[in-house]
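Undergrad: coords below, sequence missing:
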């Protein structure tokens, strides 16, 4: 199946629809993680529904010195992946189409949730992400939008924006997809050399170590994760953070007696490539 490719907002708004519409928002360079999102969207809407995949490298999400220019752009391959997994439409606009007046003067602000962890390391990133997600939700008008749990802070912010600003859409989370060796799939993984990839595996190892320590409490979880990352740092991994956060507001958890759900989130650079990963955890009695 070859999806219909459109590049303008006018075409997107004019799309006819019968059943439900689901959207999967991407910056292209599609991999198995994106494929899982498209499959989940197809399963949700069924044969009568419509799946729209957006492919847009959003300049507002990239800070000074980040990899906007070298971010992979592989539209032909992306169309093949999207079509194989059941997408009906690929919306692949230019920056001028999405931001016809240049950089928008009015943006969505991520607030306190966007100022910690990834937000602290990448100022303005989440404002840019939410701004384009808001625009694409307006343009695609979906019943459901699918996001990966790998970007847990992004997922939390999108859910909060939808709730706070009354977007009529259901946000559906899809579990992180990993390589056989545990590395979380990311479009940026293609930048990694062999030795850098080996370093990057420390992130998933740290998460597994943290999971095993859950019965001992939050402090033990963080200690176990940081021990793995500290060892990798001696080999050249540039560790940014390892933290426990509330999955809804992404407030960093400091209480040693924390009970309930949490996210163990880690970030580091292997060479010039920034990697993030996380795992959902639960402290206390079984749910």
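TA: Ah, there it is. Here the structure is a predicted model, which is why all the values come from computation and not from measurement.

Undergrad: which residue, other than its chain neighbours, is closest to residue 93?
TA: residue 7 (5.3 Å; Cβ to Cβ, 6 or more residues apart in numbering). C-beta coordinates here come from the backbone N, C-alpha and C atoms, glycine included.

Undergrad: residue 161 too?
TA: residue 130 (5.4 Å).

Undergrad: for that neighbour, what is the enclosing helix or strand?
TA: Here residue 130 sits within helix 125-140, counting by DSSP states H and E.

Undergrad: so what does that helix touch, helix or strand wise?
TA: helix 9-13, strand 21-26, strand 50-55, strand 89-91, helix 118-121, helix 152-164 (3 or more Cβ pairs under 8 Å, 6 or more residues apart in numbering; DSSP states H and E).

Undergrad: partner strands of the third one, parallel or antiparallel?
TA: Right, strand 50-55. strand 21-26 (parallel), strand 89-91 (parallel) (DSSP bridges).

Undergrad: and the angle for the next helix or strand after that strand with strand 50-55?
TA: Sequence-wise, the next helix or strand downstream of strand 50-55 (DSSP H and E) is helix 75-84. If you take axes from the mean of the first three to the mean of the last three Cα atoms, to 10 degrees, helix 75-84 sits at 160 degrees to strand 50-55.

Undergrad: same for helix 75-84, what does it pack against?
TA: Helix 75-84 sits against helix 32-45, strand 50-55, strand 89-91, with contacts defined as 3+ Cβ pairs under 8 Å, 6+ apart.

Undergrad: ranges for the strands of the stretch 151-287 of the chain?
TA: With DSSP state E, counting those that start in this stretch as the criterion, the stretch 151-287 of the chain has strands at 170-174, 238-245, 260-270, 273-283.

Undergrad: as TSV, these with mean neighbour count, mean pLDDT and distance to residue 23 would be great.
TA: Output for the strands of the stretch 151-287 of the chain, formatted as TSV (neighbours: other Cβ atoms under 10 Å; pLDDT from 0 to 100; distance: least, Cβ to Cβ, whole Å):
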stretch	mean neighbour count	mean pLDDT	distance to residue 23
strand 170-174	17	98	10
strand 238-245	20	98	26
strand 260-270	21	97	24
strand 273-283	20	96	23
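
Undergrad: could you export those as TSV, including distance to residue 112?
TA: Shown next, in TSV, are the strands of the stretch 151-287 of the chain (distance: least, Cβ to Cβ, whole Å):
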stretch	distance to residue 112
strand 170-174	20
strand 238-245	12
strand 260-270	16
strand 273-283	19
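
Undergrad: how about those, which one is nearest residue 211?
TA: Minimum separation from residue 211 across the strands of the stretch 151-287 of the chain (Cβ to Cβ) falls at strand 273-283, 6.0 Å.

Undergrad: return the distance of that closest one from the chain's centre.
TA: On the basis of Cα atoms, centre = their mean, to the nearest Å, strand 273-283 sits 11 Å off its chain's mean C-alpha point.

Undergrad: kindly provide the distance from the residue nearest to residue 31 when sequence neighbours are not counted to residue 241.
TA: Residue nearest to residue 31 in three dimensions, not counting chain neighbours: residue 185, with 5.0 Å by Cβ to Cβ, 6+ apart. Using Cβ to Cβ, to the nearest Å, residue 185 is found at 21 Å from residue 241.

Undergrad: ok, now residue 26?
TA: From residue 26 to residue 241 the distance is 25 Å (Cβ to Cβ).

Undergrad: kindly report the same for residue 103.
TA: Counting by Cβ to Cβ, the gap from residue 103 to residue 241 is 29 Å.

Undergrad: what's the answer for residue 276, then?
TA: As judged by Cβ to Cβ, residue 276 and residue 241 stand 10 Å apart.

Undergrad: give me the common contacts of the two.
TA: The contact sets of residue 276 and residue 241 overlap at 265-267 (Cβ atoms under 8 Å, 6 or more residues apart in numbering).

Undergrad: now for the nearest residue to residue 107 once chain neighbours are set aside: which residues touch it?
TA: Excluding its sequence neighbours, the residue lying closest to residue 107 (Cβ to Cβ, 6+ apart) is residue 131, at 4.4 Å. When contacts are counted by Cβ under 8 Å, 6+ apart, residue 131 touches 60, 104, 107-108.

Undergrad: which among those gets closest to residue 189?
TA: Nearest to residue 189 among the contacts of residue 131, with distances taken as Cβ to Cβ, is residue 60, at 23.1 Å.

Undergrad: so that closest one sits right up against residue 133, yeah?
TA: No. Counting by Cβ atoms under 8 Å, residue 60 does not reach residue 133; the two are 10.6 Å apart.
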